[in-house]
Each structure stands twice: as C-alpha cells, then as structure tokens.
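Asks: Test case, fold it:
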Amino acid sequence: MTDVAQAKTKPEPWRQRLIRSLLYGRNVDRAAKARARVGFAILAFAAAYAVIGGRLVMFAIGADAHGARQGGSRDAIATARPDIIDRNGEILATDVKAPSLYGEPRRIIDKDEAIELLTATLPDLDTAEVRDRLSSKKGFVWLKREITPQQQQDIHRLGIPGIGFLRENKRVYPTGNEVAHLIGLVNIDNQGIAGMEKWLDNNGLADLHRAGFATDRLQRPIELSVDLRVEHALRDELLKAKEKFHAKAASGLVTNVRTGEVVAMVSVPDFDPNNPKEAHDPDRINRLTTGVYEMGSTFKAFTLAMALDTGKYDLNSMWDARGPLHYGKFAIHDDEPKGRFLSMKEVFTFSSNVGAARIALSQGVEAHKAFLRKMGQLERLRTELPESAAPIVPRHWGDLNTITIAFGHGMAVAPLQAVMGVSALVNGGYLIPPTFLKRSEEEAMALAKRVIKPETSEKMRFLMRLNAEVGTARKADVKGYYIGGKTGTAEKVINGRYAKKRVLTAFTAIIPADKPRYQLLIMLDEPQPLKETYGFITSGWNAVPTAGNVISRIAPLLGIEPRFDLPPPDRLILAASRTTQ
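Replies: Okay, the predicted model is just below:
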C-alpha cells in the first residue's frame, strides 16, 4: 500500500470531527459551507457600515451638543434662572430658549467663504471681528448670541461646516418698564447685574450654576412683595404728573407699615430691561435707593416725635415763631409766618421751620443725632437691592446743623430710608427693615425694634391726620380713606447754593390714619409752576394732588374699604391717649 493510500485511510482526529460537527453539522457539502461563509462576510460588512452611518447621523444631529461641550470650558453659556413673580403670582421675569450662533475654527474649511456668507446673512455682524474669531486656534467661539429663528434657518441653509447653533436661556421681562428698577436685569450670559436679578446671584444662584445644579427650569420661583396692579397704577399717575408739571423726574413708593414690604416702587424715567442699553443712561437711576436727597419738611415729623417721646412736651406745648430764628449770620424764616407762638400741632400743620428748629434746639445736638440714628437715618440702608447709597450727614455736627436738619435741610438720605423711619412713627413705634420679598407680620415683628413709645406714635398719627384736614395735605384727602400725611419742599443745591426755583417736592401719606396699613411717598424733581397752581411749586400744589390720584386708584386694590362720617381725629385717634387735642 502506498503512502497516499495510507493517508486516505488514516482516521480523522476526534477533536477535528467535534469542531466540524458543531460548526457545520453532519453530512454538509462544501458548496453549502462556501455559501455560509460568504453570507457571514456580507453580514459583517453590513454591520460595520451601519455603525459608521449611525455615528455620522449622530454627529449631524448632535452638533449643538458638541458645541456646548466645546464652549462649556471656554465661554460662558447662559444658564437657567428661576422665575420672578409678584405677590399674586404674576410673572415679572422668566427664561425662554433662544438660538445662538457659534463657530469651530478648526473644522472650517474655507474661512473666507464662511465669513462672506455669514456677514451677508447677518449684516450686523462685524466682519473684522468675525474674521478674528474664526482665525483663532480655539475649538469654539461665539459669533452672535440670541439670533432669531429665521436667522437660524437662513444660516442653516448655507451648510457651512464648523458653524452651528446652541439653544441658550434668554431672560425676558413680560411687564417691560413696569418694575424695571426693582427687578433689575441680566447680561448676555444670563447673570444678574442689577436689582433683584443681582441679588439672586449674590445669594446662591451663581454658586449653583458653577456647581452645575441650576441647569433646568425646575427651580422654585422667587416671590416678591410687589403688587403689579399697584405698581402699574403708581407708575401711570407718576408719568402723568411728570408730564403735567414738566418735572425732570418723578418717583414713588408704597410700603406696608406693619411688615416693611415694598408693595410698589417706581422711578421715572425708567428703562425696559429687555433693552439693556437704556439702563446705562445716568438719568434713569433708581432715585429711591441709589439717590440721596434733602427731604424737606417731611423731616419735621422726626423732630416733633423726638420731643414728644421725651414726655416733657405735649401737643399743646408752645414755641416762639413770632419772627425769624437768627443764628450767627444766618436767619431761619417761615414760608407763611404767623408772627406768634405756635402750638406743637400748629408747627406741624403750618409746617413752621422756625418752630421745628426751636424744638430740635430744645433737645440738643447729641440727643438729635441719637434720635435720628435710632430711626435708621444716619447709616446706609441695606435691602435685597444691591444698589444703595449712604446718607450724607454733616462731618462736624453743631447747633446750626441741628437747626437746618430739623426741617429737612443739611442732610440727605435715600427716600426709602426716610419711609422706613416714618413707618416707625405711625405703626406703634417699631422700626422694621424694608424688604422686597413677601413677609408676614409675625416675621416682621421678629426683626422689629421699638424706637418710640406707643403713645408717641398715636400722637404722630393724629398730627398727620390733622394735616390732611386743615394743613398742607388737604389736596390729598380722598373722601372715605381717612388719610394722614406730611408735605416737604426742599430747595436743591446748585453750585453750592440753594436755588429757590429748583426744588424737590415730596409728600408722604399714611392710609388710613387711625390704624395705618400702608404708606405712600410721592416725589417730583423740579416741578414747574402752572396757571392752576397760581405760580406755586411747593409740594401742596403738585406732589399732594398726585398722591390723591394714586390713593383713589390703589386703595381698593389694597383691600381698604372706604369709611364715611368718621369722628374728628382727636376722638378717633387720641381716644386712649392721656393728652388730647
């Protein structure tokens, strides 16, 4: 037998038989094996191409996400912010999604063509700036933030490799100018730069963004104390008054005297936070917190309260107002001199400068300073709003300073600061820090500090009501709402001297006077004389009637029901006081 024959008859090893049987089964011919191998190869290649095709689709669809990853480490991306709502749930600020245009310079094939096409589609793009950005070696650059959907579609049709879109959060303010100074605004990266928006970032939101925990819209809304309805009415009347009296500016506040909540705050001219460029106009500042002013005769309320709180004087105490008060080369006059002694009540209702100055001098410089400090008038007022101004007080405080500050000259404070102090005079004697967030009376009392006696507060309410009945606040006495108030007219300092024709008028009202719930402040900057005001520019002719218009609109919104046929203030307000009339 030959070697070949021996090889053919040699049995196949058992291992090979087992493998062949598992792979192909028994009695399968070679043609079938070949077809199986070809089919297996076709399936393998098809699977490989399917994986490649799927990846290409993912890259095409996920271009924005790729850009986001590129930009996250190099450029700020606008992150989400919580809604801001008023006390009734009305949205004041919210986020919407807006596309932004970016480029990836390393992926752009023909940069000149890309620049030409982009600038032709978006004419407001700066060609030199786009060229500079696309010529960089960065992996990601912003080209234009917050483009319109139509612009996005037009650029998408260009089909430029390395150009993509990223949907960002854009802050919008549905109410426009209505609460501009209170809300503030954000920058292009959705970061707060003023107002309550900046307060949000300063109180943890910025830290959440940096940690990556504030990237969606599931954040709890921020509920403010402001009432949008009251805000609208106040702003509307201030705009009318500004136009009617040809004033440079007008501003106003409505606060809750029991809680310190700011229910409305308006300063016009204002701005639209949806158009941030307007906010940079220096004439559009918030005059109620960032401006400081001599508040005029409204400060007489502090002067009289200081004396009454000592217990040494009552509402019938008499003060010499027979003529001007001379101090060195200075002489203090009354606008409408009476030429006689005036009672404490008359000093208030006639708004006597001489009487107020004598009252302050009777207490002394140190006592005067201590009382104003206790009332929160000598230090910067801190609230949620980052924008605040420190009061301007005399560096060397002597008798002359006490004389002028007694009637509201020689010292300047933020109007919200003065409102806080007046609220303490009428709410029972509690100084409560103002807030722009909702606060209950219980929460307010936990922060409150008693600064005057309850009986002193009762007398101040009486004086303010009396002033609305027979004094300088008569034009604001809206029937049924039993208001009280104090006027103030301060001459402005121009080139180091007081200008008689350029004044700041103010009026602060309490509603209602017997059991105050709200305080209203109206201020007009340089109102002009009119025929109907007989040439006068003092507060009683402009700020006071403006306040009357505001009260008639907001009192029903605030839930204050009108009351008629009420007894005179000495019986309604002073009934429990030992010292009447």
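Asks: where's residue 565, which helix or strand?
Replies: Per DSSP states H and E, residue 565 falls between elements, in no helix or strand.
Asks: Let me see the confidence value for it.
Replies: Note for residue 565: predicted pLDDT of 84.
Asks: So it versus residue 462, what's the distance?
Replies: Residue 565 sits 19 Å away from residue 462, going by CB to CB, to the nearest Å. Just so you know, the C-beta spots here come from the backbone N, C-alpha and C atoms, and that holds for glycine as well.
Asks: Look at the two and report which has more neighbours.
Replies: residue 462 (26 against 5; other CB atoms under 10 Å).
Asks: where along the stretch 101-250 of the chain do the strands fall?
Replies: Assigned by DSSP state E, counting those that start in this stretch, the strands in the stretch 101-250 of the chain fall at 141-144, 163-172, 185-186, 192-194, 222-223, 249-256.
Asks: got TSV for these, with distance to residue 334 and mean neighbour count too?
Replies: As requested, those are exported to TSV (distance: least, CB to CB, whole Å; neighbours: other CB atoms under 10 Å):
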stretch	distance to residue 334	mean neighbour count
strand 141-144	64	19
strand 163-172	52	20
strand 185-186	46	24
strand 192-194	42	20
strand 222-223	48	18
strand 249-256	28	25
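Asks: I'd like those written out as JSON lines, with distance to residue 420 added.
Replies: Putting these into JSON lines (distance: least, CB to CB, whole Å) gives the following:
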{"stretch": "strand 141-144", "distance to residue 420": "44"}
{"stretch": "strand 163-172", "distance to residue 420": "30"}
{"stretch": "strand 185-186", "distance to residue 420": "26"}
{"stretch": "strand 192-194", "distance to residue 420": "22"}
{"stretch": "strand 222-223", "distance to residue 420": "22"}
{"stretch": "strand 249-256", "distance to residue 420": "8"}
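Asks: Quick one: those as CSV, columns for mean pLDDT too.
Replies: Output for the strands of the stretch 101-250 of the chain, formatted as CSV (pLDDT from 0 to 100):
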stretch, mean pLDDT
strand 141-144, 86
strand 163-172, 85
strand 185-186, 90
strand 192-194, 89
strand 222-223, 94
strand 249-256, 97
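Asks: quick one: pLDDT of the most centrally placed residue in the chain?
Replies: Among the residues of the chain, residue 182 comes closest to the average C-alpha position under CA atoms, centre = their mean, at 2.1 Å. At residue 182, the pLDDT value in this model is 93.
Asks: just the one 5 residues further on next, same as before
Replies: In the predicted model, residue 187 carries a pLDDT score of 87.
Asks: do the same with residue 8
Replies: Predicted confidence (pLDDT) for residue 8: 50.
Asks: try residue 376
Replies: 96.
Asks: Enumerate the positions of stretch 123-138 that are buried.
Replies: 125, 130, 133-134, 138 (16 or more other CB atoms under 10 Å).
Asks: Which ones among these lie within helices?
Replies: Among the buried residues of stretch 123-138, DSSP state H puts 130, 133-134 in helices.
Asks: Tabulate these (TSV), appending pLDDT and distance to residue 266.
Replies: Shown next, in TSV, are these (pLDDT from 0 to 100; distance: CB to CB, whole Å):
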residue	pLDDT	distance to residue 266
130	84	42
133	86	42
134	85	46
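Asks: which one of these sits closest to residue 359?
Replies: residue 133 (68.2 Å; CB to CB).
Asks: Need the nearest residue in space to that closest one, chain neighbours excluded.
Replies: residue 141 (4.3 Å; CB to CB, 6 or more residues apart in numbering).
Asks: Since that was my last question, I'll sign off now.
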